[in-house]
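Asker: give me a model of this one.
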Amino acid sequence: MRNRLPLFYAVTSLFWFALYAYVPYVAPYAEEMHTDVRMIGLITGSYGFTQMAIRFPLGIFSDKLRKRRIFIIVGLLFAAASGLVVYISPSPVSLLAARSLAGIAASSWVIFAVLCTAYKNPDETVKTMGILNACNSFGRMTALLFGGIVAEWHGFSYAFLLSGLAGLVGLALSSGIVEKSPKSTEPPKLSALMDVARDQQLLCTSLLAIFTQYLSFATTFGFTPIVATGLGATNLQLGLLGVASTLPGLFIAPFAGTLVNKLGAKKTLIYCFLLSALSSMAMPLTQQIWHLFVIQILNNIGLITAYTTLMGLCLLKIPVESHATGMGFFQAVYGLGMFLGPFVMGFLIHELGLVPAFALTGSIGLVAGILTVVFVNKGYMSDSC
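Answerer: From the prediction side, this is the model:
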């Protein structure tokens, strides 16, 4: 099975390429269409809302069927559609539809994660998640780079076309992915799958993951591009700003497991949330575009490391045959952060302005750090992987 991992990693990168080639231009494109800032928050937040609704039942369904590959194929199909719908008919409504379709597609990330861990030994989970998240970051980074070039040369709509084409290529390659089902002869009972949601380790890591996604989608994939356009950023610079957000994941995510082994999960997460909190607060205070690039990188060093750590820890006490359900629960719960981040941020900016909105958003990172201390000290969450 392991000799198919390079293909699996390539499909993973194309999947995220398709989902992110146009992301930096959603808010500016909607703004160009004279869309209300609260509607922009809804458009951006719909990506997380659909994931919140779909991921947990998707994980249960996959575990019951003991099938993985078909869900990856369907995910790639929706990823391609999310870009093509805006290219064919650009409007605020199609942007909302695109982000909803992208959310449906991203729900299959549950299956990517579970199938990848099935190829490896259980004691390599955090390391495996690090490599998978590095492929995630590579796909997003190259998408944002080439999306920026295409948008600069031809306009926003062509970044959506690029997304659709990448999704179609990934869809074609996905036929070569090898299925690796759980070893048990009988599929788990529904009652056993539902019990997964009561696992304390899973509940704590899922709750903390909400904060990583809230911070990320309120800032990096939400309203940081608005800050950048206010500083006079070009379309290419918007794409490069997105690259700056994903670059840390390419190099840092594979070593998250090593960091946790050295510092422990508690210290790792506290440092990461603090770094993100301070970075988020500083974003609207920048006076030059290159300052925003530096802050963007620092913010995402914290968020990507925290997310990878939590992703590796969440299945620590879950039986292998229920991994898709556990991962589905984890990702469904953190989908709440993807939805609330941009949705709440849109209202905060409308009512208070950029600086107070980013300050309040940054304070969410401080809350996450405090909760981490409580969870580990009370024994609700493991300090090691």
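
Asker: was I right to think Ala209 contacts Tyr307?
Answerer: Yes - Ala209 is within contact range of Tyr307, at 6.6 Å (criterion: Cβ atoms under 8 Å). No exception for glycine: its C-beta is placed from N, CA and C like everyone else's.

Asker: any idea how many residues pack against Ala256?
Answerer: 28 (other Cβ atoms under 10 Å).

Asker: now the host helix or strand of it: buried residues?
Answerer: In this assignment (DSSP states H and E), Ala256 forms part of helix 256-263. Counting neighbours by 16 or more other Cβ atoms under 10 Å, one finds that the buried residues in helix 256-263 are Ala256, Gly257, Leu259, Val260.

Asker: packing partners for that helix?
Answerer: Judged by 3 or more Cβ pairs under 8 Å, 6 or more residues apart in numbering; DSSP states H and E, the packing partners of helix 256-263 are helix 125-154, helix 265-282, helix 289-313.

Asker: ok, which of the ones you listed comes nearest Leu360?
Answerer: helix 265-282 (9.0 Å; Cβ to Cβ).

Asker: which parts of the closest one are buried?
Answerer: Under the neighbour-count criterion of 16+ other Cβ under 10 Å, helix 265-282 has 265-273, 275-282 buried.

Asker: what's the spacing between that helix and its chain's center?
Answerer: 17 Å (Cα atoms, centre = their mean, to the nearest Å).

Asker: quick one, it and helix 125-154 angle?
Answerer: Relative orientation of helix 265-282 versus helix 125-154 (axes from the mean of the first three to the mean of the last three Cα atoms, to 10 degrees): 20 degrees.

Asker: for helix 265-282, the averaged confidence score.
Answerer: Taken as a whole, helix 265-282 has a mean pLDDT of 94.

Asker: again with stretch 69-76
Answerer: Mean predicted lDDT for stretch 69-76 stands at 90.

Asker: stretch 215-229 too?
Answerer: 87.

Asker: re the thing from before, dump the buried residues of helix 256-263 to CSV, plus distance to Gly176.
Answerer: As requested, the buried residues of helix 256-263 are exported to CSV (distance: Cβ to Cβ, whole Å):
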residue, distance to Gly176
Ala256, 29
Gly257, 28
Leu259, 34
Val260, 33
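
Asker: check those residues and tell me the two furthest apart.
Answerer: Longest span within the buried residues of helix 256-263, Cβ to Cβ: Gly257 and Leu259, 7.2 Å.

Asker: between the two, what contacts are shared?
Answerer: Shared contacts of Gly257 and Leu259 (Cβ atoms under 8 Å, 6 or more residues apart in numbering): none.

Asker: give the rounded mean pLDDT of stretch 161-177.
Answerer: Average pLDDT, stretch 161-177: 92.

Asker: pull that stretch out as CSV, backbone CA atoms only.
Answerer: Extracted C-alpha coordinates of stretch 161-177, given in CSV (Å, rounded to 0.1, in the frame of the first residue of the first chain):
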residue,chain,number,x,y,z
LEU,A,161,-11.3,28.8,-13.4
LEU,A,162,-7.8,27.6,-12.2
SER,A,163,-9.4,26.1,-9.1
GLY,A,164,-11.9,24.2,-11.2
LEU,A,165,-9.3,22.8,-13.6
ALA,A,166,-7.1,21.6,-10.7
GLY,A,167,-10.0,19.8,-9.1
LEU,A,168,-10.7,18.0,-12.4
VAL,A,169,-7.0,16.9,-12.6
GLY,A,170,-7.2,15.6,-9.1
LEU,A,171,-10.4,13.8,-9.9
ALA,A,172,-8.8,12.0,-12.7
LEU,A,173,-5.8,10.9,-10.6
SER,A,174,-7.9,9.8,-7.7
SER,A,175,-8.9,6.6,-9.6
GLY,A,176,-5.5,5.3,-8.7
ILE,A,177,-5.9,5.6,-5.0
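
Asker: which parts of that stretch are buried?
Answerer: Of the residues in stretch 161-177, 161-171, 173-174, 177 count as buried by neighbour count, 16+ other Cβ under 10 Å.

Asker: and if you look at stretch 336-347?
Answerer: Leu336, Gly337, Met338, Phe339, Leu340, Gly341, Pro342, Phe343, Val344, Met345, Gly346.

Asker: now that stretch: how far from the chain's centre is it?
Answerer: Taking Cα atoms, centre = their mean, one finds the center of stretch 336-347 at 14 Å from the center of the full chain.

Asker: again, but for stretch 87-105
Answerer: From the chain centre to the centre of stretch 87-105 is a distance of 18 Å (Cα atoms, centre = their mean).

Asker: please apply the same query to stretch 62-74.
Answerer: For stretch 62-74, the distance to the chain centre is 20 Å (Cα atoms, centre = their mean).

Asker: again with stretch 251-262
Answerer: Centroid separation for stretch 251-262 versus its chain: 18 Å, with Cα atoms, centre = their mean.

Asker: quick one: mean pLDDT for it?
Answerer: 74.

Asker: going forward can the numbers begin at 402, since that is how I track them
Answerer: Will do, 402 is the new start, and the previous item becomes stretch 652-663.

Asker: and that stretch, end to end?
Answerer: 18 Å (Cα to Cα, to the nearest Å).

Asker: contacts for that stretch?
Answerer: Against stretch 652-663 from outside (Cβ under 8 Å, 6+ apart): 527-528, 530-532, 534-535, 537-538, 669, 702, 705-706, 709-710, 713-714, 785-786.

Asker: buried residues in stretch 442-451?
Answerer: For stretch 442-451, the buried set under the neighbour-count rule, 16+ other Cβ under 10 Å, comprises Gly442, Leu443, Ile444, Thr445, Gly446, Ser447, Tyr448, Gly449, Phe450, Thr451.
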